[in-house]
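Asker: can't give you the sequence, but here's the structure:
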Ligand SMILES: [Fe+2]
């Protein structure tokens, strides 16, 4: 093949991949179904809808449509692990898309992108560095308080550096959460202490799955930890998987259901960790490759013993 032809073919293939990642896969929403054996023997299953990282901007009609469809799953509990908005005018469309989900029991924490509007940047740079130190502004400029107040007014538990109790299905659930560890807003000392062993389930929630915080939830006896932030790597390779996580979690646990810590015996009491690959992307990195946007329906079922 002539050099000019080779260059032309390579450029055409690259453009096709970028087009697919930006136009097709970014809007190709998946619903993941997972069973989590975390309840006491004999308990009735509980359906938990886990959403994260919508990064909503006006005009994302397919994303809004997918969000609207999720109430039909009839979850017993909804957990939103943050980064819901990416624009000052995204709060109302996000709430309207949640719609009747807000009438169900719910829990939320913030991600850094609920506070700070996205800044233009090289969309590929997350491959070699994290965004943890990107927040040069002193004050949040997105309406995170309006977002949180609306979800709380609907009855969802604000778990940002807080503990609380949620009744969902037949279960009395102890919930604890932290504000986003990615920007060091977590204050675990405010929620520290052994999780109530008399509750039916002990649930920890956070945006960025930083191991230093996951370790503390595990030490306090939480059964199930839910997080987002990673976007599953956002750009993955076939047969290889996640390249980067943009936080301290290892690439193997950047999405899906695992245990924390990663290593140990099956019955040693380590909590389950579910990391959502999320629904969206930063508007300045509007693509996903081999890592479809997702929501997850976790069916909590009894442990084997
Ligand atoms: Fe995110």
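Answerer: Received the coordinates, thanks. Being a predicted model, the structure only gives us computed values, none of them experimental. Numbering: from 1, shown residues only.
Asker: going forward, measure contacts and count neighbours with C-alpha atoms only.
Answerer: Fine.
Asker: Below-threshold pLDDT in this protein: ranges please.
Answerer: Counting by pLDDT under 70, the ranges of the chain that qualify are 122-137.
Asker: Could you list the contact residues of it toward the ion?
Answerer: Proximity of the chain to the ion (C-alpha under 5 Å from the ion) is limited to residues 53, 229.
Asker: max-length helix in the chain?
Answerer: helix 3-19 (DSSP state H).
Asker: And the strands in the stretch 1-150 of the chain?
Answerer: 30-39, 46-51, 77-80, 106-108 (DSSP state E, counting those that start in this stretch).
Asker: deepest of those, which one?
Answerer: The highest average neighbour count among these, using mean count of other C-alpha atoms under 10 Å, belongs to strand 106-108 at a mean of 26.
Asker: mind checking the end-to-end distance for stretch 14-30?
Answerer: 25 Å (C-alpha to C-alpha, to the nearest Å).
Asker: Okay, the residue of the stretch 201-305 of the chain found nearest the ion and residue 75: tell me how far apart.
Answerer: Proximity of the stretch 201-305 of the chain to the ion (C-alpha to the ion) peaks at residue 229, 4.5 Å away. Distance of residue 229 to residue 75, given as C-alpha to C-alpha: 22 Å.
Asker: These two: who's more crowded?
Answerer: More crowded of residue 229 and residue 75, by other C-alpha atoms under 10 Å: residue 229, with 29 against 22.
Asker: Could you find the closest non-adjacent residue to that one?
Answerer: Leaving aside its sequence neighbours, residue 229 sits nearest to residue 208 (C-alpha to C-alpha, 6 or more residues apart in numbering; 5.1 Å).
Asker: quick one: contacts for the one you found?
Answerer: 111, 180-182, 227-230, 247 (C-alpha atoms under 8 Å, 6 or more residues apart in numbering).
Asker: now the residue nearest in space to the middle of the chain, nearest residue through space, not along the chain?
Answerer: Residue closest to the average C-alpha location in the chain (C-alpha atoms, centre = their mean): residue 228, at 2.4 Å. Leaving aside its sequence neighbours, residue 228 sits nearest to residue 276 (C-alpha to C-alpha, 6+ apart; 4.8 Å).
Asker: how deep is the one you found tucked in, by neighbour count?
Answerer: Neighbours of residue 276 (other C-alpha under 10 Å): 28.
Asker: Distance-wise, check residue 59 relative to the ion.
Answerer: 18 Å (C-alpha to the ion, to the nearest Å).
Asker: likewise residue 142?
Answerer: From residue 142 over to the ion (counting by C-alpha to the ion), the distance is 15 Å.
Asker: got it, and residue 72?
Answerer: Residue 72 is 25 Å from the ion, by C-alpha to the ion.
Asker: Give the burial count for that residue, as a bare number.
Answerer: Using other C-alpha under 10 Å: residue 72 sits among 9 other residues.
Asker: Numbering from 46 from now on, please.
Answerer: Got it, first residue is 46 now, which makes that one residue 117.
Asker: For this protein, which segments count as helices?
Answerer: Under DSSP H, the chain gives helices at 48-64, 106-114, 136-143, 189-198, 256-264.
Asker: For the ones you listed, give me a markdown table that also has mean neighbour count.
Answerer: Listed next are those as a markdown table, based on neighbours: other C-alpha atoms under 10 Å:
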| stretch | mean neighbour count |
| --- | --- |
| helix 48-64 | 12 |
| helix 106-114 | 17 |
| helix 136-143 | 19 |
| helix 189-198 | 16 |
| helix 256-264 | 18 |
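Asker: picking that back up, wait, which of the strands of the stretch 46-195 of the chain is closest to residue 305?
Answerer: Closest to residue 305 of the strands of the stretch 46-195 of the chain, according to C-alpha to C-alpha: strand 75-84, at 13.5 Å.
Asker: chain center to that closest one, what's the gap?
Answerer: 14 Å (C-alpha atoms, centre = their mean, to the nearest Å).
Asker: Likewise for stretch 272-291?
Answerer: Counting by C-alpha atoms, centre = their mean, stretch 272-291 comes out at 13 Å from the chain centroid.
Asker: buried sites along it?
Answerer: Neighbour counts over stretch 272-291 (16 or more other C-alpha atoms under 10 Å) mark 272-281, 286-291 as buried.
Asker: who's in contact with stretch 99-113?
Answerer: So stretch 99-113 is in contact with 72, 74, 127-132, 134-135, 138-139, 142-144, 158, 323-328, going by C-alpha under 8 Å, 6+ apart.
Asker: Pull out the buried residues from these.
Answerer: Buried among these (16+ other C-alpha under 10 Å): 72, 74, 127-132, 135, 138-139, 142-144, 158, 323-328.
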